[in-house]
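Asks: A predicted structure for the sequence below; I have some questions about it.
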There are 2 protein chains.
Amino acid sequence: MEESGAPTSKKGAKKAEAKAKKEALKAQRAAELAAAAAASGKAEDDPAKDSYGNRKTTAGAFSQDAQEVEIRALDETYIGKKVIVRAWLQRARVQSAKMGFVELRKGGNWNIQGVIMASGPGEEPVVSRPMVKWVTGINLESFIAVEAVVKQPLEPVKSCRVSGLELHLTKCFVLAPAPTMLGMTIGTASQPIVNFSDESSASADAGKEKDAEAAASVVESLTISAAPAASMLTHLDNIAMHKRAPVQQAIADIRIQVKRLFRSYLEERDFKEFEPPALIGAASEGGANVFRLKYFNEEAFLAQSPQFYKQFEIAGGRERVFSISPVFRAENSNTPRHMTEFTGLDLEMELKEDSHEVLSVLEGVLLHIFRGLQERCANEIETVRSVYNSEPLLLPEPGKEVRLTFAEAQELLRKEGPPEFANVRDDEDMSTPQEKALGEVVRQKYKTDFYVIDKFPETARPFYAKLDDSGATVGDGVRVTNAWDMFVRGQEVLSGGQRVNDPAELEERIRAKGVDPESGGIKEYLAVFKQVGVPPHGGGGFGLDRIVAWFLALPSVHLAAYYPRTPKRLLP
Amino acid sequence: MEESGAPTSKKGAKKAEAKAKKEALKAQRAAELAAAAAASGKAEDDPAKDSYGNRKTTAGAFSQDAQEVEIRALDETYIGKKVIVRAWLQRARVQSAKMGFVELRKGGNWNIQGVIMASGPGEEPVVSRPMVKWVTGINLESFIAVEAVVKQPLEPVKSCRVSGLELHLTKCFVLAPAPTMLGMTIGTASQPIVNFSDESSASADAGKEKDAEAAASVVESLTISAAPAASMLTHLDNIAMHKRAPVQQAIADIRIQVKRLFRSYLEERDFKEFEPPALIGAASEGGANVFRLKYFNEEAFLAQSPQFYKQFEIAGGRERVFSISPVFRAENSNTPRHMTEFTGLDLEMELKEDSHEVLSVLEGVLLHIFRGLQERCANEIETVRSVYNSEPLLLPEPGKEVRLTFAEAQELLRKEGPPEFANVRDDEDMSTPQEKALGEVVRQKYKTDFYVIDKFPETARPFYAKLDDSGATVGDGVRVTNAWDMFVRGQEVLSGGQRVNDPAELEERIRAKGVDPESGGIKEYLAVFKQVGVPPHGGGGFGLDRIVAWFLALPSVHLAAYYPRTPKRLLP
């Protein structure tokens, strides 16, 4: 991605690694010093000795009048108040023997500065010099709980989101100590990822890289933005640190909102959620790219989509349904676009008269999601862009949504696209480069990154796609279907269409696609149509991971997943 | 289930079958007659010939001034209006050559009576006698669309939910014809299921049973409540009819509400949803009962719970998380309590001082669900009870929730339970019969079907259960844990507890349970605790299917699932 601020070139990556390695030795020494400081026992005569240290629980540790509060909830009304804050310690700095600064982070990217200052003679509560030393020596990324008085800093703390307040620490306990050497620092975790390859050759390098980063972490703990970047493999090997980075917290929060917006839009329109099974008895949709497993004395398969089950729900009188479920593809594709397991968001509904009833719902729900994200997640989007820069997604004005037929789209590409696409055909599916080029043309012409391509030729659709009743054809007499794709930034994000509901027509389409109507899964599917009658219906579905990734123009869909599964990666 | 109105005895089931078979022949003749009527072509001179028949779509079929409406939305304001209604035809009756009655159903159990009457001379719109004959001959469970005038019946139609209105049909089209012979009628689908066995021997019988039912359907189409009952296998072989039955629609709607109530309660308390993976790299939780599959050149496993991933989210700074995900058990248990795939509802959260913070959330969310169902789903619960009778779930008054320690519960069982449990031990896990007996005792003593048993002995919990810090023991010096189960009607529905978060303690617990800390999955799990530090936390989880089933006291959890998976059943 050109827009990204990441050093994505191999050269850049190697340079970053080299830099990190060089600093490893220096860092090793610094780490040893820090470890020594952290390990220093408390003297028996330390008057503040009960106010700091490692604890398993904070039960009984804090003042009765101190109020538990989240960093994100702090505002001016807390000034002068005694509070308890639990957070990750993300920076620490010794100013003098009497004073130090720490930075506490919680809830994504909410952070605040903490001040630890030795108290004067007779002053209460007592903060001792050993306590100052101990607190500023806590290993970074430890989980701590502090008691503090909220004050206004002399000037706004630029490095913190809560810049108008600071915490003057009077007690500080470590509840979950991080080790002296982290596998990956928060600084590195917050850098753009330099390499998304999941090849095992890269895996061999990961160890060294990791060490280098860890070492660099101690040295560079005060300059997060200057931390070296790491590969995706290093991130996944350090899953907790990967997740703690504000950029990943923001992506996860955006992902949550996509699901919420999807659900709320559909529930308002009387759609009912259901759970399709993951385990199925036959590789019903094709058979290629399907995971097989031993199921007691038989064989089972992992669902490649909830397609058949959505249709069974319609046959079963559920009228309008949606599902959010894992789907599986045993495809040996090692690209930033592919995963072997992802979250499918799907819907299906009865149609009254026209396939566009469901097209409108699908277009509506995607626009609702995109607009909803722009409204609700401004802060999270900004956080992501600060690491992975991108242009905001251009959306059509309401009422000016772009819907092209497949033939219109191909004509546009022939006439206004790059010369290599001057001869694309109306009866053959689009390639990924064609799709990308079309995205550019549409953006220039219609000022939108989101659009629909309708009436795909039947050669490009599965057997359950309903042929257009008008008998319309393209190219060499290929029938068109009531089926469409939806695109974001030139990448397909959603497939949908009207389904064949007449059993005779369905059987004919199955045969026409060279599938045996008596084969496993297909037979049972067809049986439902014959046994009871299924009303006209249509639907569509999209991948949650891709929607998040393409909306944010992330360099890899793996960044949008919680635990990406690739042909080479099942951990963590 | 004693409370159930179903003829669950084998004798009862055989009797029902016999009855059905006897009527098969009679039915066959009736079916032939009906088929003949339905097939009768329309005469060219029928003045109403454009007002009825089979159609693929209703585009252009209806009057411009007719208004599309759902049965559930009909009320007095529609009287005298011209409407379009799409629905399943569930009954038809010929009154005379000039008049007939049909019953339309949609949206669960919303049904209304339709009247078809030949028009008098000069009357508009024209309804002909052939049209009356054709409409009343439509195969039951066909999907139809009608144009009608809404009128008030002479007296309320007792058999219909919309009893104060009827539809006077002027047009009627079949959009999806059902066959003359259904595999299972709506009447049979609405009866309590007589046999939940998924043994293949039962499967052999299903065919005959099915025929008998189908035959009986035609004869008994006017007396749904008297239809013969069928086995679960027959229901699953006729999945669409199974789903169309109002009882299954009601169960599905209740299931949806459980998810909604779970989510809304947690989201209000700042929990964030995430998706744990189904494909995992190691059989981390035990290794027994895990599905294995070939994953490119390696082996993969299907997740038995999201436990480790919930904890990774906490380690990753997500604070409070929940998930709704499929979980898999390769357990060869052919009982009404077991499935190989089910939907897990799970949560995990940081703890401030005490494990009861999460116990309260779990207890709170379950009570919120149960009370929410009683409030929101009164109609659906009534529909289910009309088929599977049960006592309403007794819930504690707010503030009077019952929480017993494991030792207290065992003492109660020894003192007030049946004599066979007079010697149960405080350091051994409860058996299912013990749990059931305790449920009875608690119901008598505390007037509640819902309660918590806390402080389980460590012998009964997995390695990640946190030992009670007080060092308390039961029985022969067995330590107790900060872990609990929650019960409904004497059946465990939820397990939860505080987790070990200190890496040294965790490694010790893993060893104490005889697990190798270096084994696959465990090593990577433990690594997270060592690599970064994890704050104190706890959580719990329950099965969606079981919550629905036990709330409604259904005879099998399979009734609560959309597509139950058992060791013998992967279809549909």
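Replies: Structure received.
Asks: Tell me if I'm right that residue A:106 and residue A:86 touch.
Replies: Yes: assessed by CB atoms under 8 Å, residue A:106 is found in contact with residue A:86 at 7.0 Å. For the C-beta atoms, the positions are set from N, CA and C on the backbone; glycine is no exception.
Asks: Run through chain A and note the low-pLDDT ranges.
Replies: Residues of chain A meeting the criterion pLDDT under 70: A:1-41, A:199-225, A:284-287.
Asks: Just give me the longest strand of it.
Replies: strand A:82-96 (DSSP state E).
Asks: For that one, C-alpha coordinates in CSV please.
Replies: C-alpha atoms of strand A:82-96 as CSV (Å, rounded to 0.1, in the frame of the first residue of the first chain):
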residue,chain,number,x,y,z
LYS,A,82,-7.9,10.6,45.8
VAL,A,83,-8.3,7.8,43.2
ILE,A,84,-7.3,4.2,42.6
VAL,A,85,-6.2,3.5,39.0
ARG,A,86,-5.3,0.1,37.5
ALA,A,87,-3.3,0.2,34.3
TRP,A,88,-0.3,-0.9,32.3
LEU,A,89,2.9,0.9,33.1
GLN,A,90,4.1,1.9,29.6
ARG,A,91,7.0,4.3,30.4
ALA,A,92,9.1,5.2,33.5
ARG,A,93,11.7,7.9,33.9
VAL,A,94,13.8,8.9,36.8
GLN,A,95,14.1,12.7,37.1
SER,A,96,16.2,12.7,40.3
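Asks: What pairs with it, parallel or antiparallel?
Replies: Paired strands of strand A:82-96, with direction, are strand A:67-68 (parallel), strand A:99-106 (antiparallel), strand A:143-151 (antiparallel) (DSSP bridges).
Asks: could those strands be laid out in JSON lines, adding mean neighbour count?
Replies: Converted to JSON lines, these look like this (neighbours: other CB atoms under 10 Å in any protein chain shown):
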{"stretch": "strand A:67-68", "mean neighbour count": "14"}
{"stretch": "strand A:99-106", "mean neighbour count": "21"}
{"stretch": "strand A:143-151", "mean neighbour count": "23"}
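Asks: Need the ones you listed in a markdown table (columns: distance to residue B:128).
Replies: Listed next are the strands paired with strand A:82-96 as a markdown table, based on distance: least, CB to CB, whole Å:
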| stretch | distance to residue B:128 |
| --- | --- |
| strand A:67-68 | 78 |
| strand A:99-106 | 76 |
| strand A:143-151 | 80 |
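Asks: Out of the ones you listed, which is closest to residue B:305?
Replies: With CB to CB, the closest approach to residue B:305 among these belongs to strand A:143-151: 24.5 Å.
Asks: I would like the residues contacting that closest one, please.
Replies: Residues from elsewhere that reach strand A:143-151 (CB atoms under 8 Å, 6 or more residues apart in numbering or on different chains): A:58, A:61-63, A:66, A:74, A:78-89, A:104, A:114-115, A:138, A:165-176, A:178, B:533-535.
Asks: shouldn't residue A:342 be in contact with residue A:548?
Replies: No: the pair residue A:342 and residue A:548 does not pass the contact test of CB under 8 Å, sitting 10.8 Å apart.
Asks: quick one: what helix or strand has the closest residue to residue A:365 other than its chain neighbours in it?
Replies: If the residues on either side of it in the chain are set aside, residue A:365 comes closest to residue A:265, at 4.8 Å by CB to CB, 6 or more residues apart in numbering or on different chains. Residue A:265 is located in helix A:246-268, with elements delineated by DSSP states H and E.
Asks: elements contacting that helix?
Replies: For helix A:246-268, the contact count by 3 or more CB pairs under 8 Å, 6 or more residues apart in numbering or on different chains; DSSP states H and E identifies helix A:239-244, strand A:320-328, strand A:341-350, helix A:356-376, helix A:378-387, helix A:544-551, strand B:272-273 as packing neighbours.
Asks: what does the stretch 351-500 of chain A put close to chain B?
Replies: A:352-354, A:469 (CB under 8 Å from any CB of the partner chain).
Asks: What's opposite the closest residue to chain B within the stretch 1-150 of chain A in the beta bridge?
Replies: When scored by CB to the nearest CB, the stretch 1-150 of chain A has residue A:143 as its residue closest to chain B, at 4.1 Å. Counting by DSSP bridges, residue A:143 is bridged to residue A:88, residue A:176.
Asks: how far away is it from residue B:359?
Replies: Distance from residue A:143 to residue B:359, counting by CB to CB, to the nearest Å: 21 Å.
Asks: Just give the nearest non-adjacent residue to the residue in the stretch 401-550 of chain A positioned nearest to chain B, would you?
Replies: Closest to chain B within the stretch 401-550 of chain A is residue A:533: 3.6 Å, counting by CB to the nearest CB. Leaving aside its sequence neighbours, residue A:533 sits nearest to residue B:176 (CB to CB, 6+ apart; 3.6 Å).
Asks: ok, the one you found - contacts?
Replies: Applying CB under 8 Å, 6+ apart, one finds that residue B:176 lies in contact with A:501-502, A:533-536, B:142-143.
Asks: Those residues in strands, which ones?
Replies: Of the positions in the contacts of residue B:176, residue B:143 sit in strands, assigned by DSSP E.
Asks: now the contacts of residue B:176: which count as buried?
Replies: Among the contacts of residue B:176, those buried by neighbour count (16 or more other CB atoms under 10 Å in any protein chain shown) are A:501-502, A:533-536, B:142-143.
Asks: Name all residues that make contact with whichever residue of the stretch 351-500 of chain A sits closest to chain B.
Replies: Per CB to the nearest CB, the residue of the stretch 351-500 of chain A with the smallest distance to chain B is residue A:353, at 4.6 Å. Contacts for residue A:353 (CB under 8 Å, 6+ apart) come out as B:57-59.
Asks: Contact partners for whichever residue of the stretch 101-250 of chain A sits closest to chain B?
Replies: Closest residue of the stretch 101-250 of chain A to chain B, CB to the nearest CB: residue A:243 (2.7 Å). Contact analysis of residue A:243 by CB under 8 Å, 6+ apart lists A:249, A:252, B:312-313, B:315-318.
Asks: and the gap between it and residue B:316?
Replies: Separation of residue A:243 from residue B:316 (CB to CB): 3 Å.
Asks: ok, now residue A:556?
Replies: Distance of residue A:556 to residue B:316, computed by CB to CB: 19 Å.
Asks: which of those two has more neighbours?
Replies: Per other CB atoms under 10 Å in any protein chain shown, whichever of residue A:556 and residue B:316 has more neighbours is residue B:316, with 24 against 20.
Asks: I figured the more buried one hits residue A:235, correct?
Replies: No: counting by CB under 8 Å, residue B:316 stays clear of residue A:235, with 11.4 Å between them.
Asks: any common contacting residues for those two?
Replies: Residues touching both residue B:316 and residue A:235 (CB under 8 Å, 6+ apart): A:241-242.
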